[in-house]
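*Asks:* turn this into a structure:
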Amino acid sequence: MGRRTVIPWQLLLAGFLVAGATYRTSVSGADFTGDYSKISGIIIPGFASTQLRAWSILDCPYSPLNINPLDLVWLDSTKVLSAVNCWLKCILLDPYNQTDHPECKSRPDSGLSAITELDPGYITGPLSAVWKDWIKWCIDFGIDANAIIAVPYDWRLSPSMLEERDLYFHKLKLTFETAHKLRGGPSLVLAHSMGNNVFRYFLEWLKLEIAPKHYFQWLDQHVHAYFAVGSPLLGATETIEATFSGFTFGVPVSEGTARSLFNSFGSSLWMMPFSKYCTTDSKLWRHLSGRRSKTGHQIYHCDEREFHFNFSGWPTNIINIEIPSTSGFDAYPSVSEVAQGNMSSMECGLPTQLSFSAREISDGTFFKAIKDYDPDIKRLLYQLENLYHGDPVLNPFTPWDRPPIKNIFCIYGIDSKTKVGYYFAPSGKPYPDNWIITDVIYEIEGSLFSRSGNLVEGNPGATSGDETVPYHSLSWCKNWLGPKVNITRAPQSEHDGSDVQVELNVEHHHEEDIVPNMTRLPRVKYITYYEDSESRPGKRTSVWELDKANHRNIVRSPVLMRELWLQMWHDIHPGAKTKFVTKAKRGPLRDEDCYWDYGKARCAWPEYCEYRYLFGDVHLGQSCRLKNSKADLLLHYL
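*Replies:* Numbering: from 1, shown residues only. As a prediction, this is how the structure comes out:
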């Protein structure tokens, strides 16, 4: 056998994005050459995942804390607790024109610090960390400081106002072009939650900004891969709860205050559930055909299946609400008033329960049906019709087509208890506490259950969502796969490959789910990969389903970070032999992945980890570290 050159695995890993890092080496007889410094990573955060800072001086009476320029507004828990009225002035927007409060205005922070910790502090920092763990992971592997670019935005604004007020999409285009000039290659886009809606709008805006013949050329030149993480492709049902009951997101305010706050934002409707059977004509098509409504809004039309199937393709009706038989904001009498009234006439005044599907929410039918019973509906209708249906670039309440990007990875969590429907009733209290949730419908393990535990009839999916976005919405990106799909299921934890299951060339029909015929061992969390690189020449599409991955914490998941890293490293390595990273096994990649095996009284994974005590270690697991020179592990993933 010839002499074998062994190189440190750290050197290989540092090859990704390290400026000027061009390596030529021979490992196991293979010659690898390449410049790994050209790729940039652009992060688009989700809803409420960007810091907002004050751009005003505001004196807060009855509080020792005033608000000064550049003070944190979102999120400073101290100001929320001690000066909530001042804080609200700096966070609320006018629901009609999306302007700031006359006494205070806030703007999004910039740079990576704007998305790492929303509320920095010894206690609050770890609780509000979003992308911090991902940035630390990148630093661990030697990624250059200017290779990771955050593009924060004011998540309170509707898409059209993002461009009108902040020129956000112009700036985003320049960010891609600057990254290309700086590093000489295309970028990786990592978007989480509503950040995917932002990126989708950007792609549609870009069609109108540059010449059509240059559109695909621009994308190929500036975007290498798109990682869509936890994307609400058909909307999210929790948006309904936030709109009508209030969702605090862990902020120490009442639900009523949270409702008023949320409904003042133009973005409040951006993630409303909608039907996969309804769409609109593109702006270019309307211009050529002359098809346009009298109001100037995009024509919203639905396939026949919308009216033949129940629930707009969702598991159940999303809203079930009681409304009185008489209109007006005082239509709900108190219990004592009912008791004193004429019982013979009470039957005529009983409330009526109405149910609404996803289409009836997104097209405004639901809002129009209850506009006489809620003072907030008028402004919600205004936002729906003017900021969304009237948007000249895109009506977001239309199903996604596969973006024209070379490499797409759609990633989301499954198999968690997720809300898919609500029952609302009047509370007898004034706005904003005039509705209460009387029951909730959850999807879990392929079934629908009410909050009380009763089985509910409907159309549940093969599994459930990620606690925030239903599976039906998350898995829409499976339609971007072609007719033949390779499926691999592997344990999320480090494994030797013995439990990996593979199905090749599985048939896939458009708008039908793919359910692999694979086993699940109890107490094992899996990650299932659906991969297609054949149906579209020169393009790859992959869907990753992570068992029990929570929507809000998925970007902090070590499993996701490991898989993202391996895929990126594989893509930029000139020695890669496969279209996707092999799933044959997963060994430790960092010192943190090594641990002490008490049963065998040694470090686990002895092939890759060794006991190496350093001053300051307080337990055996900390002293288990990767061996200094081991290239075989990374070479295996090529």
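
*Asks:* backbone dihedrals for the residue nearest to Thr248 when sequence neighbours are not counted, please?
*Replies:* Spatial nearest neighbour of Thr248, chain neighbours left out: Ala258 (4.6 Å); criterion: C-beta to C-beta, 6 or more residues apart in numbering. C-beta here means a position set from N, CA and C on the backbone, and glycine is covered the same way. Per-residue torsions, Ala258: phi -60, psi -40 (degrees, to the nearest 10).

*Asks:* how far away is Glu177 from Ser40?
*Replies:* 11 Å (C-beta to C-beta, to the nearest Å).

*Asks:* which one of these two has more residues nearby?
*Replies:* Ser40 (26 against 14; other C-beta atoms under 10 Å).

*Asks:* who are the contact partners of the more buried one?
*Replies:* Counting by C-beta atoms under 8 Å, 6 or more residues apart in numbering, Ser40 touches 17, 147-149, 179-180, 182-183, 185-188.

*Asks:* correct me, but the residue nearest to Thr248 touches Thr243?
*Replies:* No: under the criterion of C-beta atoms under 8 Å, Ala258 is not in contact with Thr243, lying 10.5 Å apart.

*Asks:* between these two, which has more neighbouring residues?
*Replies:* Neighbours were tallied for Ala258 and for Thr243 using other C-beta under 10 Å; the higher tally belongs to Thr243 (21 against 18).

*Asks:* who's in contact with the more buried one?
*Replies:* Neighbouring residues of Thr243 by C-beta under 8 Å, 6+ apart: 259, 262-263, 268-269, 380.

*Asks:* got the contacts of Ser40 as a markdown table, with secondary structure columns?
*Replies:* Formatted as a markdown table, the contacts of Ser40 follow (DSSP: H, G, I helix; E, B strand; the rest coil):
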| residue | secondary structure |
| --- | --- |
| Leu17 | coil |
| Ala147 | helix |
| Ile148 | strand |
| Ile149 | strand |
| Ala179 | helix |
| His180 | helix |
| Leu182 | helix |
| Arg183 | helix |
| Gly185 | coil |
| Pro186 | coil |
| Ser187 | strand |
| Leu188 | strand |
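
*Asks:* quick one, which of the residues you listed has the minimum pLDDT?
*Replies:* Lowest pLDDT within the contacts of Ser40 is found at Leu17 (38).

*Asks:* which residues of the stretch 1-150 of the chain fall in helices?
*Replies:* For the stretch 1-150 of the chain, applying DSSP state H, counting those that start in this stretch gives helices covering 9-14, 77-82, 84-91, 113-116, 124-127, 132-140.

*Asks:* okay if I get those as a markdown table plus mean pLDDT and distance to Leu387?
*Replies:* What follows is those, written out as a markdown table (pLDDT from 0 to 100; distance: least, C-beta to C-beta, whole Å):
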| stretch | mean pLDDT | distance to Leu387 |
| --- | --- | --- |
| helix 9-14 | 36 | 45 |
| helix 77-82 | 86 | 27 |
| helix 84-91 | 92 | 19 |
| helix 113-116 | 90 | 24 |
| helix 124-127 | 69 | 32 |
| helix 132-140 | 81 | 31 |
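
*Asks:* now, of the contacts of Ser40, which are buried?
*Replies:* Neighbour counting by 16 or more other C-beta atoms under 10 Å classes 17, 147-149, 179-180, 183, 185-188 among the contacts of Ser40 as buried.

*Asks:* widest-spaced pair of the contacts of Thr243?
*Replies:* Arg259 and Leu269 (13.7 Å; C-beta to C-beta).

*Asks:* which residues sit in contact with the residue nearest the centre of the chain?
*Replies:* Against the mean C-alpha coordinate of the chain, by C-alpha atoms, centre = their mean, the closest residue is Ser193 at 1.4 Å. Applying C-beta under 8 Å, 6+ apart to Ser193 gives the contacts 46-47, 49, 229-232, 468-469, 551.

*Asks:* ranking those by neighbours, who comes first?
*Replies:* Neighbour count (other C-beta under 10 Å) singles out Gly230 as the most crowded of the contacts of Ser193, with 30 neighbours.

*Asks:* for that one, give its distance to Gly421.
*Replies:* The gap separating Gly230 from Gly421 is 20 Å, by C-beta to C-beta.

*Asks:* need the strands for the stretch 101-250 of the chain, in chain order.
*Replies:* 106-108, 148-150, 187-192, 223-229 (DSSP state E, counting those that start in this stretch).

*Asks:* tell me the buried residues in stretch 453-460?
*Replies:* Those would be 456, 458, 460, for stretch 453-460 by 16+ other C-beta under 10 Å.

*Asks:* now do the last one, the pLDDT please.
*Replies:* pLDDT recorded at Pro460 is 92.

*Asks:* so it, which of the three states?
*Replies:* Classification of Pro460 using three-state DSSP returns coil.

*Asks:* contacting residues for it?
*Replies:* By C-beta under 8 Å, 6+ apart, Pro460 lies in contact with 315, 443, 446-448.

*Asks:* next one: the second one
*Replies:* Under the criterion of C-beta under 8 Å, 6+ apart, the contact list for Gly458 reads 310-311, 315-316, 441, 448.

*Asks:* give the buried subset of those as a ChimeraX selection command.
*Replies:* Buried residues among the contacts of Gly458 (16+ other C-beta under 10 Å), as a ChimeraX selection:
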select :311,315,316,441,448
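
*Asks:* shaky segments in the chain?
*Replies:* Residue ranges of the chain with pLDDT under 70: 1-37, 122-123, 125, 127, 281-299, 325-349, 628-633.

*Asks:* at 50 instead, please
*Replies:* Counting by pLDDT under 50, the chain has low-confidence residues at 1-35, 284-297, 329-347, 630.

*Asks:* against Cys60, how distant is the residue nearest to the centre of the chain?
*Replies:* Between Ser193 and Cys60 the computed distance is 32 Å (C-beta to C-beta).

*Asks:* verify the stated contact: Gly575 with Leu638.
*Replies:* Yes: if you go by C-beta under 8 Å, Gly575 and Leu638 touch, sitting 5.2 Å apart.

*Asks:* give me the more crowded residue out of the two.
*Replies:* Leu638 (17 against 14).

*Asks:* and the gap between the more buried one and Tyr608?
*Replies:* For Leu638, the distance to Tyr608 - C-beta to C-beta - is 17 Å.

*Asks:* cool, Tyr201 as well?
*Replies:* The gap separating Tyr201 from Tyr608 is 44 Å, by C-beta to C-beta.

*Asks:* once you drop chain neighbours, what's closest to the residue nearest to the centre of the chain?
*Replies:* When the adjacent residues along the chain are set aside, Ser193 lies closest to Gly46, with 3.0 Å between them (C-beta to C-beta, 6+ apart).

*Asks:* which residues in the stretch 151-300 of the chain form helices?
*Replies:* 159-166, 168-183, 194-209, 212-222, 238-244, 255-264, 283-289.

*Asks:* with distance to Leu546 added, can I get these in TSV?
*Replies:* Output for these, formatted as TSV (distance: least, C-beta to C-beta, whole Å):
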stretch	distance to Leu546
helix 159-166	28
helix 168-183	28
helix 194-209	16
helix 212-222	27
helix 238-244	19
helix 255-264	28
helix 283-289	36
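
*Asks:* who wins for proximity to Val393 among these?
*Replies:* With C-beta to C-beta as the criterion, Val393 lies closest to helix 194-209 of the helices of the stretch 151-300 of the chain, at 5.1 Å.

*Asks:* so that closest one versus strand 187-192, what angle?
*Replies:* Orientation check (axes from the mean of the first three to the mean of the last three C-alpha atoms, to 10 degrees): helix 194-209 against strand 187-192 gives 130 degrees.
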